[in-house]
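In: have a look at this prediction, sequence included:
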Amino acid sequence: MPPPDSSAEAGHPPGAPRRVLVLGAGAIGGLLGARLAESPALDVLVAARRSIPGLTFSRRGPTGDSPPVTVPVTPVVDPASLPPLEWVVVATKTYDTARLGAWLGTPATAGARILVAQNGVEHRERMAPFADPTRVVPAIVTYGAERRGPGRVVQTLDGLVRVPADDAGRDFARLAAPTSLRVEVVEDFVAALWTKLAYNVVGNSLTTITDLPVRELGRRPELRRIAAALVAEVRAVAATRHATLPPELAESMLDEFAAFPATVRSSMWQDLHAGRRFEHDAISGALVRVARLNKVDAPFSQMATDLLETLSPVRASPSP
Ligand SMILES: NC(=O)C1=CN([C@@H]2O[C@H](COP(=O)(O)OP(=O)(O)OC[C@H]3O[C@@H](n4cnc5c(N)ncnc54)[C@H](OP(=O)(O)O)[C@@H]3O)[C@@H](O)[C@H]2O)C=CC1
Ligand SMILES: CC(C)(CO)C(=O)C(=O)O
C-alpha cells in the first residue's frame, strides 16, 4: 500500500476533525490520548480490550495527584465499528503487539500512519506483519505514567515523544503541535533509540530486580556500578548498529535518575506489582540478541534478562 500523502491531510474534508486511534488504554496510551484530545482539530478514539467507562487523566505532583480530569475521547472495543483513521498510536505492551491484527487489519486503519509508542528498538519489526514500513513511525516516550484502574491514568514524570526526522515523523509533530504533548523531531534517531534502550535496560531491569524506585539507581554506589556495566554493554552493541552513544551516558543518566521524585516507578516495576508479564524480551533481551549476532559480550544484560525471566509473573518460556 502506498504511504499516505506527507501531510496525511490529502482528501481530508476541510474543517472536519482528523481521526486518531490510540491502541491501548493503559498508562502511555491514556497519557498520549489525553494530550492529543486537547486539540480541537482531532477526534481521538481509544481502543480497549474490555469496555472502559471513559478516560480520566491526572498528574502526580510533590503534594499528591491533581484532581482527575475527564478526557473527551471515544472508547472503542469493537474493531469493526471503527471509522476511517489518519493515525494509529500503538501503546500496548510490546508482547501484545502480535495480537493487534484485529485492529490493524481493518479497512479503517488501512491508510493510517502508525506511531509505535513502545520501549525497545524493534518497533518496525513488530509492525511488519501489519503495515508497510513507510507507514510506521517508531517513537521514543520519555514521559512516565501509571494506570490506576480501567481508563484511569496518572502522569508521574514529565517528558516528550521523539520521532525520526522524516515526512511521517514531522506529520506527527504537526498533529500534536496544538496540544501540550511535546514532540521532538530527531535527526539521529537511531542513537536516540539506543540511548532510550540504555535507560530501560538500566531503569526497568534494576528497579524490578531490586524492587526499588528509579531514583535509588542513581543514589546507591553499588547500583551505579552495575548500571555503568550495563550501559557499557549497550554502548558497545549500539555501535554495531551505527549508533554512537556518549561516553558520559551512564553518569548523566544516573544523575538524572537520582533527581527523580521518590514516586517515579518504572513501567516494569509496575508490572511486577500488578502481576503482569514483563517486557524484558524487548529490552535487555533485544540487547542480548543483537550482541550475540555481532559477537559482542553482554554478560550483565544476559544476567538481567535471566533474572527477569525468573521473576516475571508470566514467563516467555515457562519452566518444564
Ligand atoms: N508506563 C510508563 O511510564 C512508560 C511506558 N513505556 C512503554 O509504553 C508501552 C505501553 O506501556 P504502558 O502504557 O505502561 O502499559 P499498560 O500495561 O499500562 O497499558 C497497555 C494497555 O494495552 C492494552 N492492550 C493490550 N492488548 C490490547 C488489544 N489487543 N486491544 C486493545 N488494548 C490492548 C492493555 O489492556 P488490558 O488492560 O486489557 O491488558 C493495556 O490497557 C510499553 O512498551 C512500555 O514499555 C514507555 C515509557 C514510559
Ligand atoms: C521512566 C523510565 C525511563 C524508567 O526506566 C521508562 O521508560 C519506563 O518506566 O518504562
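Out: Arrived safely. Ligands and ions are numbered 1, 2, ... in the order given.
In: the helix or strand containing residue 125 and ligand 1, are they touching?
Out: Using DSSP states H and E, residue 125 sits in helix 123-127. No: with C-beta under 6 Å from any ligand atom as the criterion, ligand 1 is not reached by helix 123-127; the gap is at least 9.6 Å. In short, each C-beta sits where N, CA and C put it, glycine included.
In: any idea of the mean pLDDT in that helix?
Out: Helix 123-127 shows a mean pLDDT of 96.
In: name the next helix or strand following it along the chain.
Out: strand 136-138.
In: distance check, residue 47 against residue 76.
Out: Counting by C-beta to C-beta, to the nearest Å, the gap from residue 47 to residue 76 is 5 Å.
In: who's more crowded, the two?
Out: The residue with more neighbours, out of residue 47 and residue 76, is residue 47; 27 against 21, by other C-beta atoms under 10 Å.
In: got a list of what that one touches?
Out: 21, 22, 23, 24, 25, 75, 76, 77, 79, 103 (C-beta atoms under 8 Å, 6 or more residues apart in numbering).
In: now with 7 Å?
Out: Contacts for residue 47 (C-beta atoms under 7 Å, 6 or more residues apart in numbering) come out as 21, 22, 23, 24, 76, 103.
In: measure it to residue 127 for me?
Out: Distance from residue 47 to residue 127, by C-beta to C-beta: 16 Å.
In: wait, what's in contact with whichever residue of the stretch 201-320 of the chain sits closest to ligand 1?
Out: Closest residue of the stretch 201-320 of the chain to ligand 1, C-beta to the nearest ligand atom: residue 267 (3.6 Å). Neighbouring residues of residue 267 by C-beta under 7 Å, 6+ apart: 27, 204.
In: the one 10 residues further on too?
Out: Residues near residue 277 by C-beta under 7 Å, 6+ apart: 95, 271, 312, 313, 314.
In: of the residues you listed, which belong to helices?
Out: Judged by DSSP state H, helices contain the following of the contacts of residue 277: residue 271.
In: any idea which element the residue of the stretch 101-250 of the chain found nearest ligand 2 lies in?
Out: Of all residues in the stretch 101-250 of the chain, the one sitting closest to ligand 2 is residue 203 (2.4 Å; C-beta to the nearest ligand atom). For residue 203, the enclosing helix or strand under DSSP H and E is helix 189-210.
In: chain center to that helix, what's the gap?
Out: Counting by C-alpha atoms, centre = their mean, to the nearest Å, helix 189-210 is centred 12 Å from the centre of its parent chain.
In: weed out the non-buried ones from the contacts of residue 277.
Out: Among those, those classed as buried by 16 or more other C-beta atoms under 10 Å are 95, 271, 312.
In: tell me which parts of the stretch 201-320 of the chain are close to ligand 2?
Out: So far as C-beta under 6 Å from any ligand atom goes, the stretch 201-320 of the chain lies against ligand 2 at 203, 204, 214, 266, 267.
In: just checking, the first one touches residue 266?
Out: Yes: counting by C-beta atoms under 7 Å, residue 203 sits close enough to residue 266 to count as a contact (5.1 Å).
In: against residue 177, how distant is the nearest residue to residue 176 once chain neighbours are set aside?
Out: Distance criterion C-beta to C-beta, 6 or more residues apart in numbering; nearest residue to residue 176, sequence neighbours excluded, is residue 183 at 4.7 Å. Taking C-beta to C-beta as the measure, residue 183 falls 8 Å from residue 177.
In: these two: who's more crowded?
Out: The residue with more neighbours, out of residue 183 and residue 177, is residue 183; 20 against 11, by other C-beta under 10 Å.
In: run through the bridge partners of that one.
Out: On the basis of DSSP bridges, residue 183 is bridged to residue 161.
In: which residues touch it?
Out: So residue 183 contacts 160, 161, 163, 172, 173, 176 (C-beta under 7 Å, 6+ apart).
In: how about the helix holding residue 203: buried residues?
Out: 189-209.
In: repeat that for stretch 68-84.
Out: Going by neighbour count (16+ other C-beta under 10 Å), the buried part of stretch 68-84 is 68, 71, 73, 74, 75, 76, 79, 82.
In: do stretch 80-99 as well
Out: Applying 16+ other C-beta under 10 Å to stretch 80-99 flags 82, 85-97 as buried.
In: quick revisit: which neighbours do residue 183 and residue 177 share?
Out: With the criterion set as C-beta under 7 Å, 6+ apart, the contacts of residue 183 and residue 177 do not overlap.
In: residue 126 - nearest residue in space that isn't next to it in sequence?
Out: residue 97 (4.5 Å).
In: phi, psi of the one you found?
Out: When quoted as degrees, to the nearest 10, the phi and psi of residue 97 stand at phi -60, psi -40.
In: so it touches residue 124, yeah?
Out: No: look at residue 97 against residue 124 with C-beta under 7 Å: they stay out of range, at 11.5 Å.
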